[in-house]
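Engineer: Okay, sequence plus prediction incoming.
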Number of protein chains: 2
Amino acid sequence: MAKRSFWAWGNEADEPTAEQMKTAAGELAARYNVSLNPVTPPNASGLSLRKPRITPPSTLADICVSDDHDRAVHTYGRSLRDRIRAFNFDFPNPPDVVARPRNEQEVEALLEWCSNSGYAAIPFGGGSSTVAGFEPPDGYDGIVTIDLEGLDQVFEIDDVSRAARIQGGIYGPALEGQLRPHGFTMRHYPQSFEFSTLGGWIATRSGGHYATNQTHIDDMVESVRMITPAGIWASRRLPGSGAGPSPDRIALGSEGILGIITEAWMKIQARPVFRASAGVTFPTFAAGADAARQVVQTKLWPGNCRLLDPVEASAAAGMDGTKALLLLGFESAEIPQGEFIQHAVKIARDAGGTVSDDDIKVSDNSAGRPQSETGRQGAVGAWRDSFLNAPYMKNHQAGLGFVTETMETAVTWDRWPELDRAVRAALQDALNRVCGGGTVSCRFTHVYTDGPAPYFTFEGMGRLGAELEMYADIKQAASDAIIAAGGTITHHHAVGRLHRPWYDQQRPDLFAQSLKAIKKTLDPNGVLNPGLLIDA
Amino acid sequence: MAKRSFWAWGNEADEPTAEQMKTAAGELAARYNVSLNPVTPPNASGLSLRKPRITPPSTLADICVSDDHDRAVHTYGRSLRDRIRAFNFDFPNPPDVVARPRNEQEVEALLEWCSNSGYAAIPFGGGSSTVAGFEPPDGYDGIVTIDLEGLDQVFEIDDVSRAARIQGGIYGPALEGQLRPHGFTMRHYPQSFEFSTLGGWIATRSGGHYATNQTHIDDMVESVRMITPAGIWASRRLPGSGAGPSPDRIALGSEGILGIITEAWMKIQARPVFRASAGVTFPTFAAGADAARQVVQTKLWPGNCRLLDPVEASAAAGMDGTKALLLLGFESAEIPQGEFIQHAVKIARDAGGTVSDDDIKVSDNSAGRPQSETGRQGAVGAWRDSFLNAPYMKNHQAGLGFVTETMETAVTWDRWPELDRAVRAALQDALNRVCGGGTVSCRFTHVYTDGPAPYFTFEGMGRLGAELEMYADIKQAASDAIIAAGGTITHHHAVGRLHRPWYDQQRPDLFAQSLKAIKKTLDPNGVLNPGLLIDA
């Protein structure tokens, strides 16, 4: 496995060069009309972490390491806060031990060690959390981060039911790589796809793209196998059931506080062959929102129904900054999609959208190999490239005091206009106050019949060394606005330590008490990811 | 509200006449070549129940009754066991009080009374449970059945989000009746539609018809409001969220042990205008199953994709008994469905199915009113009439020793052939042993990409007075076979008291312990529907 960067998105090979960082600094300096000092990328040789405070028992020594680089990589995710702290070698509370179990027995042994010793046991998937989902807690004598990367196999493929038994530690590309020779795909593509795992997706209820109908990983789970300090929690593999509350729905979103997900049976599907896509422009974001709403309420279930406001359409798809862009994509392994895109385009045009017939791309050639081109051309293709590249580009902008981040929510359609207004206002006001200005933009990453999932991006030029406080101020204002306007504090980024204050305002108090009671049952010594979702 | 029959499906006006029962007896006598004595329908004047053991506090007296008829109606659901016991005036353990709260405050007051007194508090929706979902438990000094029929309003309709805030006690017809003037429908049609409620659907995870994509009520819930002895559990109304495990998914399937569902925000939709349907015949059930699997895996999402084996196709749709029948139905408020049914029919024909082009019915007239005819003609229409009428027909066959019931499950496609073989064999063997013969049939009520929901019907002529033991024997054999073959003990009939032994074999032990911990949190005195899902 390639060596992960301790501070940047991706592996060490993905870290930017000094030259690339200089270019990015030049662009930002011009954009904000400031002068910025040149930045040297940090080098892992500069790491000097707190000495490990604990030593694993000899039976676990083979699977445990405590070197500084590994512990640094397992301290922070990849939010702005994380990237700034890592860039600055700011690691006051790293894990003491990073363990890499190779099987369930070793997971059990690790939990037993932590449970008996009172050490925090922190499950680690791909490390791409943006909400401090695996950041070590204060107040523990020992912290053991359990990296599941060794559980990386697709064990079984049931091609008649279109389902597969898959280990929790497998990364997105490996999962798809093991399904591909059999003609299948899970078709779950979070933006973090390269650096996230099946177990992480389940624990955080991740949201995929190509996902209007089945959006969250929840919809693809047949059964879950989870190791808890109290024993094994394994649900029966079923296509559907009405027998009591769903056990899987407790594992889904449990964020590592109840157990470690070692396996799941997941629904898979045939690889798409037929595709159709179109980018429809609208004079305003609101007009595009009306069209998106009508398309999803018509239940055509496009694989992609994504709306960019004029700022995002300009930045991500090369538009001129005056128009919103609705990206529509259909796909199927069996059925030509031309008629489906025509239905959706008609709805969008009737709602005031513009797209030329030439820009409706249809690949209906089932005789050949999958038509990889459709959806990779024109505005749709430009968006796709930008989407996949976005996390890497942030690496180039590190160390400059630049404050930029994304925030996402979901809200019902009736409340969306006010939420959009309030969150934009809160972000802009905070940027003006904190950074002396900045820009705010929004897209819908997902739409449901009853509401969209708006995804906000903001940026401003902060002061080097003060970015964390500036970011906290902006995040607070916008999160308060989201909760006040009836949204959720997260649609697909999870709660983590970052979102706890707002999560506590949205879930029923009795649910939190119930979750505590479940945790006491499964993790009686309270060692699993303490402080996530409920108080430790 | 019409007066409910204390023994038959439906209201007193639906009870069969002596003449109708004589006709049914004649048909069964001919079918089984036996002689059957004439039956007189029981009369409610013959009810003589245990005297009420408790008296409500004066503050609740207005909403409580204890007359025999009301208590009898609230003792049993409408399974074979229930109908036989009621028919025989066999009510050893009725509720002492039937309460009908008119608002949440009265629900709270009732729970407080029960909780403080240690009386069992049993939520009652429409009374159509087939699994003893509200049958009073032994061992309590008092039993208060809480009938929610007074909470029967659609409070708000959000027409832009297509969602409605609806009270838990509303019956299916009233719910649809209150949505209809606004052009909406919830489109959730369990077979019990007339005698079941929104709260009951949520508490039991009911399954609707017209429901290939969104099958269970789970998929239509935006938020739930539930009164528990510990306070109010109210989730935030959201189209989607990734913030921790879903609180709603704990209320869904809780079968009255955690709280009383007083309100929910539910997704609704525009009323269908465009329809298309076809009945495709197959030489075998297995060939039809292959076609159904391919249709659902193609993700065309028909509203109806229902497969009848040759026995059911003969009984319910007038076929000749040699062919299986796949019922396909598409519907939409916005889009003509002709091309969709053509895709599905092509798949079905390629899989060996037969349907003439003339028998593919398409209503694409959006100018006029909804085309109510399509789907109500030919084989599809015959099935529909039979489906809606089936529960009433059983009333006619009471008091004859006739043993007939349905059982349903869900299983992945890979395991389905063996489950089908094993359950049919277990049922037939048990019928031969217990009744000296009988018939077994099966249909798929629902299909998922990863498996079908098979629904078995069996019948045999038992001995009058011994039907309960005979039924228990048959049910045991078939349920054991379902669990051994990897199925669920219920896909959409709930667990109740009837399915507990098999439910206990399928859910993770740690889940049951977790559910106990939740119940202890929400219902510390353990008064809500004791014995359901977990031990009291």
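Structural biologist: Nice, thanks for sending it over. Residues are numbered from 1 along each chain as shown, chains lettered A, B, ... in the order given.
Engineer: Which parts of the stretch 101-250 of chain A are helices?
Structural biologist: Assigned helices in the stretch 101-250 of chain A, in chain order: A:104-117, A:172-179, A:198-204, A:248-251 (criterion: DSSP state H, counting those that start in this stretch).
Engineer: from what I can see A:Leu327 touches A:Gly303, true?
Structural biologist: No. Taking contacts as C-beta atoms under 8 Å, A:Leu327 lies outside contact range of A:Gly303: 10.5 Å. Where C-beta positions appear, they are placed from N, C-alpha and C, glycine not excepted.
Engineer: got the contact list for the helix or strand of chain A with the lowest mean pLDDT?
Structural biologist: For chain A, counting by mean pLDDT, DSSP states H and E, helix A:378-396 ranks last in confidence among helices and strands (a mean of 79). By C-beta atoms under 8 Å, 6 or more residues apart in numbering or on different chains, the residues outside helix A:378-396 that reach it are A:5, A:8-10, A:14-16, A:20-21, A:23-24, A:78, A:83, A:191-192, A:209, A:277-279, A:306, A:308, A:313, A:315-319, A:325, A:327, A:329, A:359, A:361, A:375-376, A:404.
Engineer: Identify those among those residues that sit within helices.
Structural biologist: A:20-21, A:23-24, A:83, A:313, A:315-317 (DSSP state H).
Engineer: Can you name the two of the residues you listed that sit furthest apart?
Structural biologist: Farthest-apart pair in the ones in helices among the contacts of helix A:378-396 is A:Met21 and A:Ala313; separation 27.6 Å (C-beta to C-beta).
Engineer: Between those two, which has more neighbouring residues?
Structural biologist: A:Ala313 (30 against 21; other C-beta atoms under 10 Å in any protein chain shown).
Engineer: ok, and the most crowded of the ones in helices among the contacts of helix A:378-396?
Structural biologist: A:Ala313 (30 neighbours).
Engineer: ok, that one - contacts?
Structural biologist: Taking C-beta under 8 Å, 6+ apart as the test, what A:Ala313 contacts is A:281, A:319, A:321, A:323-325, A:379.
Engineer: so who does A:Ala211 touch?
Structural biologist: A:187-189, A:303, A:446.
Engineer: And A:Val39, by the same measure?
Structural biologist: By C-beta under 8 Å, 6+ apart, the residues touching A:Val39 are A:18, A:21-22, A:25, A:398-400.
Engineer: Dump the residues you listed to CSV, plus distance to A:Val73.
Structural biologist: Formatted as CSV, the contacts of A:Val39 follow (distance: C-beta to C-beta, whole Å):
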residue, distance to A:Val73
A:Ala18, 22
A:Met21, 21
A:Lys22, 26
A:Ala25, 26
A:Ala398, 16
A:Gly399, 19
A:Leu400, 23
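Engineer: Filter the residues you listed down to the buried ones.
Structural biologist: A:21-22, A:25, A:398-400 (16 or more other C-beta atoms under 10 Å in any protein chain shown).
Engineer: Just confirm yes or no for stretch A:400-418 near chain B.
Structural biologist: Yes. Looking at stretch A:400-418 against chain B by C-beta under 8 Å from any C-beta of the partner chain, the contacts come from A:410-414.
Engineer: ok so, going back, out of the buried ones among the contacts of A:Val39, what pair is the most spread apart?
Structural biologist: Taking every pair in those and measuring C-beta to C-beta, the maximum separation is 12.4 Å, between A:Lys22 and A:Ala398.
Engineer: List the buried residues for stretch A:502-518?
Structural biologist: Going by 16+ other C-beta under 10 Å, stretch A:502-518 has these buried residues: A:502-504, A:506-508, A:510-518.
Engineer: tell me which parts of the stretch 51-200 of chain A are close to chain B?
Structural biologist: Counting by C-beta under 8 Å from any C-beta, the residues of the stretch 51-200 of chain A near chain B are A:158, A:160-163.
Engineer: quick one: which of these is most hemmed in?
Structural biologist: Busiest of those [other C-beta under 10 Å] is A:Ala163, holding 29 neighbours.
Engineer: ok, it touching A:Trp265?
Structural biologist: Yes. Between A:Ala163 and A:Trp265 there is a contact at 5.5 Å, judged by C-beta under 8 Å.
Engineer: Now do the shared contacts for those two.
Structural biologist: A:222, A:237.
Engineer: and stretch A:218-231, what's its mean pLDDT?
Structural biologist: Averaging pLDDT along stretch A:218-231 gives 98.
Engineer: Please identify the buried residues of it?
Structural biologist: A:218, A:220-230.
Engineer: again, but for stretch A:136-147
Structural biologist: In stretch A:136-147, counting by 16+ other C-beta under 10 Å, buried: A:136, A:140, A:142-147.
Engineer: again, but for stretch A:309-325
Structural biologist: So for stretch A:309-325, counting by 16+ other C-beta under 10 Å, buried means A:309-317, A:319, A:323-325.
Engineer: residue contacts, A:Val107?
Structural biologist: Counting by C-beta under 8 Å, 6+ apart, A:Val107 has contacts A:101, A:146, A:148, A:227, A:260, A:262.
Engineer: One more pass at 10 Å, please.
Structural biologist: Listed by C-beta atoms under 10 Å, 6 or more residues apart in numbering or on different chains, the contact set of A:Val107 reads A:99, A:101, A:121, A:123, A:146, A:148, A:150-151, A:168-169, A:226-227, A:259-262.
Engineer: Check the burial of the nearest residue to A:Ala109 once chain neighbours are set aside by counting its neighbours.
Structural biologist: What sits nearest to A:Ala109 in space, not counting adjacent residues and going by C-beta to C-beta, 6 or more residues apart in numbering or on different chains, is A:Leu60, at 6.1 Å. Neighbour count for A:Leu60, taken as other C-beta under 10 Å: 18.
Engineer: Now do the same contact list for A:Leu60.
Structural biologist: A:97, A:99, A:101, A:106, A:109-110, A:112-113, A:144.
Engineer: what's the burial count for A:Pro181?
Structural biologist: That count, for A:Pro181 with other C-beta under 10 Å as the rule, works out to 8.
Engineer: check contacts around it.
Structural biologist: Counting by C-beta under 10 Å, 6+ apart, A:Pro181 makes contact with A:Ile157.
Engineer: repeat that with 7 Å
Structural biologist: By C-beta atoms under 7 Å, 6 or more residues apart in numbering or on different chains, the contact set of A:Pro181 is empty.
Engineer: Next, work out how far apart it and A:Val154 are.
Structural biologist: 10 Å (C-beta to C-beta, to the nearest Å).
Engineer: Break chain A down into its domains, please.
Structural biologist: A:51-150, A:154-270, A:272-493 (automatic domain parsing).
Engineer: would you list those domains in JSON lines and tack on distance to B:Thr130?
Structural biologist: Output for the domains of chain A, formatted as JSON lines (distance: least, C-beta to C-beta, whole Å):
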{"stretch": "domain A:51-150", "distance to B:Thr130": "39"}
{"stretch": "domain A:154-270", "distance to B:Thr130": "12"}
{"stretch": "domain A:272-493", "distance to B:Thr130": "31"}
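Engineer: What are the buried residues along stretch A:114-122?
Structural biologist: A:114-115, A:117, A:119-122.
Engineer: And the residues you listed, which is closest to B:Phe91?
Structural biologist: Of these, the one sitting nearest to B:Phe91 (C-beta to C-beta) turns out to be A:Ser115, at 51.1 Å.
Engineer: List the beta-bridge partners for the closest residue to A:Gly338 other than its chain neighbours.
Structural biologist: Distances taken as C-beta to C-beta, 6+ apart put A:Val362 closest to A:Gly338, at 4.4 Å, once the chain neighbours are dropped. Taking DSSP bridges, one finds A:Ala276 as the beta-bridge partners of A:Val362.
Engineer: next one: stretch A:413-433 to chain centre, how far?
Structural biologist: 22 Å (C-alpha atoms, centre = their mean, to the nearest Å).
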